[in-house]
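1. next come a sequence and a model predicted from it.
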Amino acid sequence: MDCMRLICVLLAFVLTFDCSSPLHSQEVKSVTHVTFPMSVVGNTPIVTLTFNRPGGDIRTARFIFDSGGGAIIFDQGLANDLGLLPEGPIIASQGERYRRVHVPAAFAGGMPIDFGASHAFVHLGTNSFTNRVAVEGMLPGKAFEHYQVVLDYPRQLFSIGEPRSLQHRGTKLACPYIASSGHPMIEVGLDRAKYEFLLDTGSNISLARVGMLKKWSKEHPNWPTSIGAAGPANDGAASDADAFLLRIPALQLGAFRLTQIVAASRSDETYSPTSYETPAPIIGALGGNVLSRFRVEIDYPDHLLFLEPSGRKNADDFDTVGLVLSTNAAGQLVVRAVSSTASAVTRRNVQPGDIIVSISGFDKAPRTLMKAVEALSGAVGERKQLRILRHGKPMRVTVTVARIL
C-alpha cells in the first residue's frame, strides 16, 4: 500500500455522513456499461473522467484507479475548477492536509457514474496530491462497489458496468469485498500455505508485512533481497528508504502459477489482523506487478474476480541504478537512500540528500517518480550521468545500472 492509498483509507473512516442516497440525477440511465481507454504507468492504471464546471463547460481529469482505496481524493486545482467547496475541519495525515467535499456528478466514457457510496476529500496545497504520476486525483474501489470493473491491462482499456451488465471472461476466483473499508480480498498460495491479501491496483508492486517477508527470507536464504525501495518499488511511501524487498520465485493465484514476484515491506501494523475488519488476517496487498499480467475483472456486487492471462513476459524491471527518490516542496527529485544492492560506483558517488537536476538524455530531471524510475533504468552495466546539487553545490556524478534484485 503506497502512502497516498493509506491516507485514502484513513480518511474514509474519519467522517461519517449519509451516502445512502445517490448524489446524482435520478434519471433512468439508458447506458448500462462502457469501455474506454486507460493508460498504465508503472503498473498503475489511470482513467479519465469528465465533469461539468459550474459555468457549464466540460472538465476532464486523470485519476489513479485504486481498487484498495476508501475515499475519492481531488487535487486542489481540480476541486477549484469544479467549484467544490471544502467544508468541515482540516484533517492532517502524514504531513498532508485534507478537507471534505461533496462528490460531484462524474462521467466515464460518457456514462454517468454514481460515486455516492464513497467519501470525497480535497488535498490542500498547490502541488499535485501525489508525486508518483501526473494525475489530479484518486478513485477508490469503494466508489465502485455497486459496479463491475474491468482493467484490461494488455489492451489498456477500462470498462465499468452496472451489476451483471458485463459478460464474465476468464478464470473465476472468490474475492470477498469488505464494504466497511472498500477492500477486495484474494487468497494467495506460497510454500503450501494460504494467505489473505488485499487486491490493490493502486500499488506498483505487491506489499507484505515486514515480519512475514523476513520470515520467508530466513526460510529461503537463496531468495534475492535488497534494502531500499528503488526502481518500480519507489512510490513515495514514507517507508521507502529502508523498505525490505524480496523476490519470490513463485506464488499460486487460483489456477495460475506466478513467477518472479517482488514484494516490498510495510510495517506489521499496516496489515495487522484488525486493520481491515476482516474475518481472516490480511498479510499484504497484491499489486500491479501481478495484476498487470492479466485482464482483470472485479465484480464488486457479487464478490468475484475473473482473470484472463495476457502472456506478458517477466521484465527485468529491477535493472536500475538503485536510487530511492522523493520530491521536495519545490518539486525537485531528492535522493532519500541508495539501494543496498546498487553498484559500487553508484553507492560511492551518490548520497542521501542529493538533489537530481538532470539525468543523461534529459535537459531537466523528470517531474514524477515513475518517469525518474524509467530514466534511471537500463541495461546492466550502463552508465548514466547525473547533475546534482549537494548542499547547494552543483556536481556531476556517474551512476551505473545494476540488477538490484
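-> On my side now, so go ahead. Numbering: from 1, shown residues only.

2. going by C-alpha atoms from here, please, whenever you check contacts or count neighbours.
-> Will do.

3. break down the protein into its helices, ranges please.
-> 3-14, 76-81, 210-219, 288-291, 344-349, 369-375 (DSSP state H).

4. most tightly surrounded among those?
-> Compared across these, helix 288-291 shows the largest average neighbour count, a mean of 23 (mean count of other Cα atoms under 10 Å).

5. which residues sit against that helix?
-> By Cα atoms under 8 Å, 6 or more residues apart in numbering, the list of residues contacting helix 288-291 from outside reads Asn43, Thr44, Asp200, Thr201, Gly202, Ser203, Asn204, Ile205, Ser206, Leu258, Ile261, Val262.

6. quick one: contacts for the fourth one?
-> Shown here is Thr201, whose contacts under the criterion Cα under 8 Å, 6+ apart are Thr44, Pro45, Phe65, Asp66, Ser67, Gly68, Leu286, Gly287, Gly288, Leu291.

7. which among the residues you listed gets closest to Thr327?
-> Closest approach between those and Thr327, by Cα to Cα: Thr44, at 19.0 Å.

8. tell me the contacts of that closest one?
-> Counted by Cα under 8 Å, 6+ apart, Thr44 has contacts Ile64, Phe65, Thr201, Gly202, Ser203, Asn204, Gly288.

9. next, count neighbours for the nearest residue to Asp240 once chain neighbours are set aside.
-> Closest residue to Asp240 apart from its sequence neighbours, by Cα to Cα, 6 or more residues apart in numbering: Ala229 at 4.8 Å. Ala229 is flanked by 29 other residues according to other Cα atoms under 10 Å.

10. ok, Ala229 touching Ala264?
-> Yes: the criterion here is Cα atoms under 8 Å, and Ala229 meets it with Ala264 at 7.1 Å.

11. can you check which residues contact both of those two?
-> Here Ala229 and Ala264 share the contacting residues Ala243, Phe244, Leu245, scored by Cα under 8 Å, 6+ apart.

12. contacting residues for the residue nearest to Asp240?
-> Counting by Cα under 8 Å, 6+ apart, Ala229 has contacts Asp240, Ala241, Asp242, Ala243, Phe244, Leu245, Ala264, Val324, Ser339.

13. can you tell me how far it is from Pro54?
-> 42 Å (Cα to Cα, to the nearest Å).

14. just Gly381 next, same as before
-> 54 Å.

15. neighbour-wise, which of the two wins?
-> Gly381 (15 against 11).

16. and the residue nearest to the more buried one when sequence neighbours are not counted, how close does it get to Asn80?
-> Leaving aside its sequence neighbours, Gly381 sits nearest to Val401 (Cα to Cα, 6+ apart; 5.2 Å). For Val401, the distance to Asn80 equals 42 Å [Cα to Cα].

17. out of the shared contacts of Ala229 and Ala264, which are inside strands?
-> The strands, defined by DSSP state E, take in Phe244, Leu245 from the shared contacts of Ala229 and Ala264.

18. of the shared contacts of Ala229 and Ala264, which is the nearest to Ala105?
-> Ala243 (39.2 Å).

19. gap between the closest one and Val122?
-> 29 Å.

20. then Arg336?
-> In terms of Cα to Cα, Arg336 sits 27 Å off from Val122.

21. now the strands for the stretch 201-350 of the chain?
-> 206-209, 225-227, 244-253, 256-266, 282-286, 294-299, 304-309, 319-320, 323-327, 333-338 (DSSP state E, counting those that start in this stretch).

22. among those, which is nearest Glu136?
-> Here strand 323-327 is closest among the strands of the stretch 201-350 of the chain (Cα to Cα), at 16.7 Å.

23. how far is the closest one from where the chain is centred?
-> On the basis of Cα atoms, centre = their mean, to the nearest Å, strand 323-327 sits 16 Å off its chain's mean C-alpha point.

24. what mean pLDDT does it have?
-> Averaging pLDDT along strand 323-327 yields 95.

25. try stretch 258-274
-> 89.

26. got the CA positions of it in PDB?
-> Taking C-alpha atoms only, stretch 258-274 is exported to PDB below (Å, rounded to 0.1, in the frame of the first residue of the first chain):
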ATOM      1  CA  LEU A 258       3.100 -16.700 -11.000                       C
ATOM      2  CA  THR A 259       6.800 -16.500 -11.100                       C
ATOM      3  CA  GLN A 260       9.500 -13.900 -10.000                       C
ATOM      4  CA  ILE A 261       7.200 -11.700  -7.900                       C
ATOM      5  CA  VAL A 262       8.900  -8.800  -6.000                       C
ATOM      6  CA  ALA A 263       7.300  -7.700  -2.700                       C
ATOM      7  CA  ALA A 264       8.100  -4.700  -0.700                       C
ATOM      8  CA  SER A 265       7.700  -4.500   3.100                       C
ATOM      9  CA  ARG A 266       5.300  -2.400   5.100                       C
ATOM     10  CA  SER A 267       5.100  -2.300   8.800                       C
ATOM     11  CA  ASP A 268       3.400  -5.300  10.500                       C
ATOM     12  CA  GLU A 269       0.800  -2.800  11.900                       C
ATOM     13  CA  THR A 270      -0.200  -1.700   8.300                       C
ATOM     14  CA  TYR A 271      -1.600  -5.200   7.800                       C
ATOM     15  CA  SER A 272      -2.400  -6.100  11.400                       C
ATOM     16  CA  PRO A 273      -5.200  -8.700  11.900                       C
ATOM     17  CA  THR A 274      -7.700  -5.900  12.800                       C
END
